[in-house]
Structures are given as structure tokens and as C-alpha cells.
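One predicted model, sequence on top.
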Amino acid sequence: MYIENKRPFISLDLGTSNILAYVSGQGIVYNQPSLMAYDINQNKLVAIGQEAYEMIGKTNDNIRMVTPLVDGVIADLDAAKDLLEHIFDRLKMMNFWKNSVVVLACPSGVTELERDALKMVARDMGADLVVVEEEVKMSAIGAGVNIELPLGHLIIDIGGGTTDIAIISAGDIVLSKSIKVAGNYFNEEILKFVRAEYNIAVGIKTAENVKKNIGSLVKYPNERSMQIYGRDIVSGLPKEATVNSEEIRNVLLGAFGRITDLVIEVMENTPPELAGDILKQGIILCGGGALVRNADKYFHDIFQLPTKIAADPLNCVIEGTKAYEKIILKRIEEGFYKGTQETFLQTLKK
């Protein structure tokens, strides 16, 4: 048995599209878009989260839109600190950072240098122990997988900035790959298609709405069309057009084909015994991309493996970190982090 932790436990899903924050005893305290809006003249933060998201494409030259984390990597260190400070200050919870245990979830492609930068942000906020774990591992736990068992599971986590694919068994990741083809990439491809096919420039929010409303990977009954509005790239005047499900499906299939290629690459390098497990256990889909219509049928048809979508794909990572708290506390008691934390502290003093 491990002793009860007296220090605050905080976990963060640092997504490209959304930031989620969990505090032990409080639950999920923040779940909003990873966006900030700054007034350039006053160097002042004017909007954050959903408020900033509503401003996309509608700002003047004095407003700078910032995404502090891109593909799980800190693109703007100062903005990342601002973001976390404002989240917890707004919630009147800044004191929770002092001597806290923090778990940060990030994509599998993040380097050690980038992980250290993430840790620095949390430590500057007052955290005592900072653990960085791969999002796909947390997703598996959040999807209900008992990763401690010596049983192979194939997880496909399609987020906003990256798609992470991993084989997990016996408590950790056996093999993982990451690709920057995910929700934001799908939106960009739809935007490019509309521009090329209809000579209309539309915003990223319009492209996202098209994806959510009529996007699919397999033909479905009662398919429909959608009216879109933008700017004619020739005349510069406002213009409208109608896009249909089949057009958008073809765009998405091209993007998902790249994810499929990576899944094949992971499978080709999977140890034979684990491959046998996956044949029986199948594929688990997590992340916002799993909500694209018929994503499960798409992967099932290609790989002929049982495929299911997690019960709450959008929140799999943060739910996984919540469950991971017990494992972290047990490891603290066993002295698992002592050496690594001391080493990290020494690097900070250099």
C-alpha cells in the first residue's frame, strides 16, 4: 500500500487544439481551446480559450493570435507561462502549484530538450515533481485499457496537431510513432480543396465546421450537402458555394491514408507475440479525430481487425492522467523519481 499524497496533484493535457487541466479533489477545472489573443500596442492579453477562439479571422492588425503549444511543443515559452497562470489565477487556484506533483501529457515525437522545456514551465509555477508522459499512453488508460497486463494493445490517438500510434503492453509503450497529420491538418486540406475547386477563400473555422457536419470516411445513408461562405479569390467579393459529403470524404481519405501508412509501419515492427494479441484485441481509437464519421469502420475495413472508439475520445488523455495519479504516488513512495528529479534539479542550477 502507498501512503496518501499530501501534495496537490495536477495533470495537463497540452493539446494543440485544447488545453485540459485536472486537479486532484477538484476534477477537470479547465477545458478550452489553446488560444490566446494579445493587444500588440499594449502588450496585453485580451482573450483566452473560447473567447480567443471566437475571434479567429475577425481581428484587426492590433490583435495577435497566439497558440503557445504547437504539436505538443512549446512554440512560445512566455505565452505558455501566461496561459497556465491565467487558467489557474482565473480559477483562484494558483496556490495548488506550490510543491505539487504534475503530470504533463505530450505527443510521442517530443524530444528530451522539449520535455525539459515543458518541465521548466511547470517548475516555474511552483511544482515540486514534474513527470512528462506520452499522450497515447494516457489515452490508453483513459480508454479503459489495463496497460499493466502483459497484453498487446494498438492505440491510435488522433489529436489536433499530431496522430500518435502505439503498441502498449506490460505497463509501457513497446513501440510508437507520431505524425503531424491530425485534426488541424484535415481542416487545412478542406480549406485547400474549397479554394482550388470553388475559388473561394474560407476561414479555418468554416473548414472545421464542414469536417464536423458532413465529413466521413465511409459512405453513409442520407448524405447531405452544406452551404459555405467566403471570399471569391478572383473578384474579392463575398461568395457562397455548396460542398457535399463525397467531396469532403475524398479529401479526408487522402489525409487518413497517411495515418494508415504509419499504422502499417508500426505493425510491421511489432513483436510476433504482441501481434497475436492485437489480432484478438483490435484497435482503439482516441482523440477528436476518432469522431470523424465512420472512422472505426474505415480502420476495420482496411486492417480487418476489431476496431472501437473510446467512450469519451476527446477526454481520454486527461482521464488517463487522473487514473495515473495512483501509479505516480506509488512510485514516489518507492523512490522511483528520486534520482531523476535530483538530476533535473542539478541541471536547473547550471
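Thanks, I have the structure now. None of these values were measured; they are calculated from a predicted model. Numbering: from 1, shown residues only.

In this structure residue 87 contacts residue 20, no?
No: applying Cβ atoms under 8 Å as the test, residue 87 and residue 20 come out as separate, 10.2 Å apart. All C-beta atoms are positioned from the backbone trio N, CA, C, and that covers glycine.

Of these two, give the one with the bigger neighbour count.
Per other Cβ atoms under 10 Å, whichever of residue 87 and residue 20 has more neighbours is residue 20, with 22 against 19.

Parallel or antiparallel, list what pairs with the host helix or strand of the more buried one.
Secondary structure from DSSP states H and E places residue 20 in strand 18-23. Partners of strand 18-23 in the sheet, by DSSP bridges, are strand 9-14 (antiparallel), strand 27-33 (antiparallel).

how close does the residue lying closest to residue 316 once chain neighbours are set aside get to residue 287?
Nearest non-adjacent residue to residue 316, counting by Cβ to Cβ, 6 or more residues apart in numbering: residue 142, 3.7 Å away. According to Cβ to Cβ, to the nearest Å, residue 142 stands 10 Å off from residue 287.

one step back: want to throw the strands paired with strand 18-23 into CSV with mean pLDDT?
Formatted as CSV, these follow (pLDDT from 0 to 100):
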stretch, mean pLDDT
strand 9-14, 90
strand 27-33, 91
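
Determine which stretch of these is the most buried.
Neighbour counts (mean count of other Cβ atoms under 10 Å) averaged over each of those peak at strand 9-14, with a mean of 26.

Give me the contacts around that one.
19-24, 34, 69, 72, 84, 96-97, 100-106, 118, 122, 127, 135, 138, 317-318, 321-322, 324-325, 328-329 (Cβ atoms under 8 Å, 6 or more residues apart in numbering).

how far is it from where the chain is centred?
13 Å (Cα atoms, centre = their mean, to the nearest Å).

Now do the shared contacts for residue 87 and residue 20.
residue 30.

Local confidence estimate at residue 342?
Turning to residue 342, the model gives it a pLDDT of 46.

Same question for residue 53.
Reported pLDDT for residue 53: 90.

likewise residue 147?
92.

wait, it sits on residue 171?
Yes: using Cβ under 8 Å, residue 147 is in contact with residue 171, at 5.8 Å.

Which one's more surrounded, the two?
Of the pair residue 147 and residue 171, residue 147 is the one with more neighbours under other Cβ under 10 Å, namely 21 against 12.

Which residues are in contact with the more buried one?
Applying Cβ under 8 Å, 6+ apart, the residues near residue 147 are 137, 140-141, 153, 168-172.

how does the chain divide into domains?
Annotated domains of the chain cover 9-138+315-349, 146-181+257-314, 183-251 [automatic domain parsing].

Okay, now the unreliable bits of the stretch 201-350 of the chain?
Applying pLDDT under 70 to the stretch 201-350 of the chain flags the ranges 338-350.

And the helices in it, which stretches?
For the stretch 201-350 of the chain, the helices defined by DSSP state H, counting those that start in this stretch cover 204-214, 245-268, 272-281, 295-303, 316-333, 338-349.

To residue 113, which of the ones you listed lies closest?
helix 338-349 (11.3 Å; Cβ to Cβ).
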